[in-house]
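Trainee: Would you be able to build a 3D model of this:
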Amino acid sequence: MAVPWRTRHTGPALPSPTSTSMPATRRGTPASKRNGIPRSKIATWGCDVRTRITSCSISSPKAPSGKLCLTSPMQRATVEKIRADIPALAQYVWFQNGGVSVIPRAIAAEHARLMEELVVRGPMHIVYPDEEYPRRERSKAALARFFGVAPETLALMRGVSEAYQTVLRGLDWRRGDQLLITDEEEAALYLPSLHLRDRHGVEVVKVPLLADPEEQLEAFAARITDRTRLLAVSHVTTETGFRLPVEQLCGLARECGVLTFVDAAHSAGLFPIDLAAMGCDFAGLLSYKWMYAPYAAGALYVQPERLETLQVTYAGGRAEAWLRYDTDDYALKEGAERFEYGPWSWPLVHTWAFAAGYLTEIGLESIWARTAQLTDRLKQALAVIPGVTLYTPLEAERAAALTAFSVAGWDGEELTRALRERRPKPIIVRPLTIAHNGVRASVPFFLLEEEIDLLADTVRSLAESRR
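Mentor: Okay, the predicted model is just below:
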C-alpha cells in the first residue's frame with residue numbers, strides 16, 4: 001500500500017514568528033475583541049498554546065461528548081432485524097451513506113403518516129394549532145436532547161450550508177480579517193468561505209490535514225493571528241474522513257479569542273455528541289446522512305453567549321417574539337430561533353426528531369462500536385492490496401465512518417462506475433473530488449462483514465486487472 005501524502009507534515013516548516021509566509025498583522029480592532037471573547041494567550045504569529053497542546057489528552061470520543069465507547073458488539077440478529085427494515089439494501093451494497101442515507105421503513109412510515117395527516121386533516125398549524133405547536137416544541141426538544149443542548153440554542157435550517165451562511169453573514173467582517181478552514185472542506189463550507197472573501201476582502205486561510213493530532217493543533221495555532229475571526233471545520237471531513245480533535249480546537253480558538261463553527265454532518269448520529277461539552281460557538285446539523293431521516297432538514301446551534309455576537313441578517317416571519325403593526329415595532333426572540341426565517345416542512349422536522357429516537361433506542365454507543373469495527377475491517381483489507389492507497393487514517397480516533405482510497409490505473413469516476421456495474425448487486429460508492437483521484441466508501445453500521453469483504457475483494461480484482 002502506498003503511503004498517503006497527508007500521513008505526516010513533510011512540507012515546509014510551520015510558520016514561525018518571523019515567517020514571511022504569514023500575513024503581517026493589520027491595523028484595526030483585533031477580531032478577538034469584536035468576537036467578544038477574552039484572548040488569554042496570543043503572540044504576533046498565533047496562539048501560544050504548545051504547552052496546552054502537549055498536555056491535552058487526544059482521545060477517541062465517548063458518550064456523552066462523542067468519545068469512543070466500544071461496548072459489546074451488536075449481535076448479528078440485531079443487525080439482520082435492522083436490515084430487514086431497510087428495503088433498499090436488497091438492491092445495493094450501500095457504501096454511500098455519507099451522501100444521502102438509505103431510510104429505514106419505520107422512519108419513512110413516520111414521515112408518510114405525517115404527510116397523510118396533513119392531507120386528511122389539513123394544514124397542521126391552522127386547523128389544530130393546539131396540537132401542532134406543542135408537537136413542534138417536543139420535536140425540537142428531542143433534537144436538542146440528542147445533541148446535548150437546550151432547545152432555545154437551536155434554529156431550524158434546511159441544512160449545514162444554510163447554518164454556516166447564517167453565521168458568516170451575521171458577523172461584522174472587515175477587510176483583512178481571517179477565516180481558518182481545512183484544505184479539505186466541501187462546497188457547503190468552502191463556497192460560502194470563498195464568497196465571503198470576494199464580498200468583504202476576508203482572507204481564507206487553509207490549514208492542512210495531518211494525521212498526528214498534536215501536529216494538527218499546532219498547524220491551526222501557527223496560523224492564528226490577531227485578525228483571525230472564525231475557525232470553521234468539519235468534525236469529520238467529507239472527502240477523506242479525517243476526524244478533527246474539535247474539543248481541543250475549540251478550546252484553542254477560545255483561548256485565542258477566535259469563534260468556532262463545527263460542521264457535524266458526518267458525526268451527527270454516528271456517535272454521541274454533546275455540543276455544549278464540545279465547546280463550539282456554532283454548529284451545523286442535518287437529518288439525512290447518519291441520522292437516516294428524509295432529505296432535508298437541518299439546524300444551527302448557537303452557544304448562548306454568542307447570541308448577541310451574531311447579527312440577524314435574515315429577519316423573516318419566524319424570528320419575532322412580537323410584531324406591532326400599529327407602531328411599526330418588534331422584538332426578536334431571545335434564543336437561537338431569532339435566526340429562523342422559514343418556512344420549512346414540519347413533517348420533515350418531526351421525522352428527524354423521530355429518527356433521533358430511533359437511533360437512541362438502538363444505542364449510539366453500539367452504533368459507533370459496530371461502525372468502528374466495520375471500518376477497521378475495510379481499511380485493514382484495503383491496506384494490503386497492491387496498488388491501493390488509503391487516505392483515511394487507520395486509527396479509529398482520527399477517523400469515523402468514511403474510508404477514502406485510490407487504485408493504481410483507475411480513475412475515481414471509472415472505479416465508481418465499475419463498482420456500480422457489479423452484478424447481481426451494485427456496490428455504491430462516490431468518487432473523490434477535492435484532492436485525490438479515487439473513491440470514498442461510507443460504512444453504515446448495518447452493513448454485513450461479508451459486504452465489507454466483498455468490496456475489498458472486488459477492489460483487489462479491479463486492481464489486478466490493471467496491474
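Trainee: rest of the way, CA atoms for contacts and neighbours
Mentor: Will do.
Trainee: Quick one: low-confidence residue ranges for the stretch 201-350 of the chain.
Mentor: Low-confidence segments of the stretch 201-350 of the chain, defined by pLDDT under 70, are absent.
Trainee: If we use 80, what do you get?
Mentor: Filtered on pLDDT under 80, the stretch 201-350 of the chain yields the residue ranges 342.
Trainee: show me where it has strands.
Mentor: Applying DSSP state E, counting those that start in this stretch to the stretch 201-350 of the chain gives strands spanning 203-207, 228-234, 259-263, 282-286, 298-302, 320-324, 329-332.
Trainee: Tell me which of those strands approaches Ala221 most closely.
Mentor: Among those, the nearest to Ala221 by CA to CA is strand 203-207 (9.9 Å).
Trainee: Kindly reformat the strands of the stretch 201-350 of the chain as CSV and extend each row with mean neighbour count and distance to Val160.
Mentor: Output for the strands of the stretch 201-350 of the chain, formatted as CSV (neighbours: other CA atoms under 10 Å; distance: least, CA to CA, whole Å):
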stretch, mean neighbour count, distance to Val160
strand 203-207, 18, 19
strand 228-234, 26, 10
strand 259-263, 26, 7
strand 282-286, 27, 5
strand 298-302, 27, 6
strand 320-324, 13, 23
strand 329-332, 13, 23
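Trainee: okay if I get those strands as JSON lines plus distance to Tyr92?
Mentor: Supplementary listing: the strands of the stretch 201-350 of the chain in JSON lines, determined by distance: least, CA to CA, whole Å:
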{"stretch": "strand 203-207", "distance to Tyr92": "37"}
{"stretch": "strand 228-234", "distance to Tyr92": "28"}
{"stretch": "strand 259-263", "distance to Tyr92": "28"}
{"stretch": "strand 282-286", "distance to Tyr92": "24"}
{"stretch": "strand 298-302", "distance to Tyr92": "27"}
{"stretch": "strand 320-324", "distance to Tyr92": "46"}
{"stretch": "strand 329-332", "distance to Tyr92": "48"}
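Trainee: Quick one: closest of these to Pro424.
Mentor: Here strand 282-286 is closest among the strands of the stretch 201-350 of the chain (CA to CA), at 32.7 Å.
Trainee: and the closest one with strand 298-302, angle?
Mentor: Angle of strand 282-286 versus strand 298-302, following axes from the mean of the first three to the mean of the last three CA atoms, to 10 degrees, is 160 degrees.
Trainee: Strand 282-286: how far from the chain's middle?
Mentor: Relative to its chain's centre, strand 282-286 lies at 7 Å (CA atoms, centre = their mean, to the nearest Å).
Trainee: Partner strands of it, with direction?
Mentor: Strands that pair with strand 282-286, judged by DSSP bridges, come out as strand 259-263 (parallel), strand 298-302 (antiparallel).
Trainee: For Ser101, which of the strands of the stretch 201-350 of the chain is the nearest?
Mentor: Per CA to CA, nearest to Ser101 of the strands of the stretch 201-350 of the chain: strand 282-286, 11.7 Å.
Trainee: report the angle between the axes of that closest one and strand 228-234?
Mentor: Using the same axes, to 10 degrees: strand 282-286 against strand 228-234 is 30 degrees.
Trainee: Please enumerate residues in contact with strand 282-286?
Mentor: Outside strand 282-286, the residues that touch it by CA atoms under 8 Å, 6 or more residues apart in numbering are 158-161, 163-164, 167, 260-265, 268, 275, 296-303.
Trainee: Dump the strands paired with strand 282-286 into JSON lines; add distance to Tyr190 as well.
Mentor: Shown next, in JSON lines, are the strands paired with strand 282-286 (distance: least, CA to CA, whole Å):
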{"stretch": "strand 259-263", "distance to Tyr190": "12"}
{"stretch": "strand 298-302", "distance to Tyr190": "17"}
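Trainee: quick one, which of those strands is nearest to Ala109?
Mentor: Of those, nearest to Ala109 by CA to CA is strand 298-302, at 19.9 Å.
Trainee: pull the CA atoms of that closest one into PDB?
Mentor: Provided in PDB are the C-alpha atoms of strand 298-302 (Å, rounded to 0.1, in the frame of the first residue of the first chain):
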ATOM      1  CA  GLY A 298     -31.100  20.900   9.500                       C
ATOM      2  CA  ALA A 299     -30.300  23.100  12.400                       C
ATOM      3  CA  LEU A 300     -27.900  25.800  13.600                       C
ATOM      4  CA  TYR A 301     -26.600  25.600  17.100                       C
ATOM      5  CA  VAL A 302     -25.700  28.900  18.700                       C
END
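Trainee: hmm, back to that, who wins for proximity to Gly357 among the strands of the stretch 201-350 of the chain?
Mentor: Going by CA to CA, the one of the strands of the stretch 201-350 of the chain nearest Gly357 is strand 282-286, 15.1 Å.
Trainee: what's the closest non-adjacent residue to Arg466?
Mentor: Nearest non-adjacent residue to Arg466, counting by CA to CA, 6 or more residues apart in numbering: Gly409, 5.8 Å away.
Trainee: Contact partners for the one you found?
Mentor: By CA under 8 Å, 6+ apart, the neighbours of Gly409 are Ala463, Arg466, Arg467.
Trainee: Need the outlier residue of this structure, farthest from its centre.
Mentor: For the chain, the residue at maximal distance from the C-alpha centroid (CA atoms, centre = their mean) is Asp326, at 44.2 Å.
Trainee: returning to that earlier point: now the phi/psi pair for the residue nearest to Arg466, please.
Mentor: Main-chain dihedrals, Gly409, degrees, to the nearest 10: phi 90, psi 0.
Trainee: for Glu137, same thing?
Mentor: Main-chain dihedrals, Glu137, degrees, to the nearest 10: phi -60, psi -40.
Trainee: burial count for it?
Mentor: 12 (other CA atoms under 10 Å).
Trainee: With Glu334 instead?
Mentor: Neighbours around Glu334, by other CA under 10 Å: 15.
Trainee: Now do the same contact list for the residue nearest to it when sequence neighbours are not counted.
Mentor: Spatial nearest neighbour of Glu334, chain neighbours left out: Ala321 (7.6 Å); criterion: CA to CA, 6+ apart. Residues in contact with Ala321 (CA under 8 Å, 6+ apart) are Tyr330, Ala331, Leu332, Lys333, Glu334.
Trainee: right, and out of those residues, which lies closest to His200?
Mentor: Within the contacts of Ala321, proximity to His200 (CA to CA) peaks at Leu332, which comes in at 26.6 Å.
Trainee: Pretty sure that closest one sits against Glu320.
Mentor: Yes - using CA atoms under 8 Å, Leu332 is in contact with Glu320, at 4.3 Å.
Trainee: Find residues that contact each of these two.
Mentor: Arg338.
Trainee: picking that back up, between the strands paired with strand 282-286, which one is nearest to Gln91?
Mentor: Among the strands paired with strand 282-286, strand 298-302 sits nearest to Gln91 (CA to CA), with 28.3 Å.
Trainee: just to revisit the earlier point, closest to Ile367 out of the strands paired with strand 282-286?
Mentor: Comparing the strands paired with strand 282-286 by CA to CA, strand 259-263 comes nearest, at 20.4 Å.
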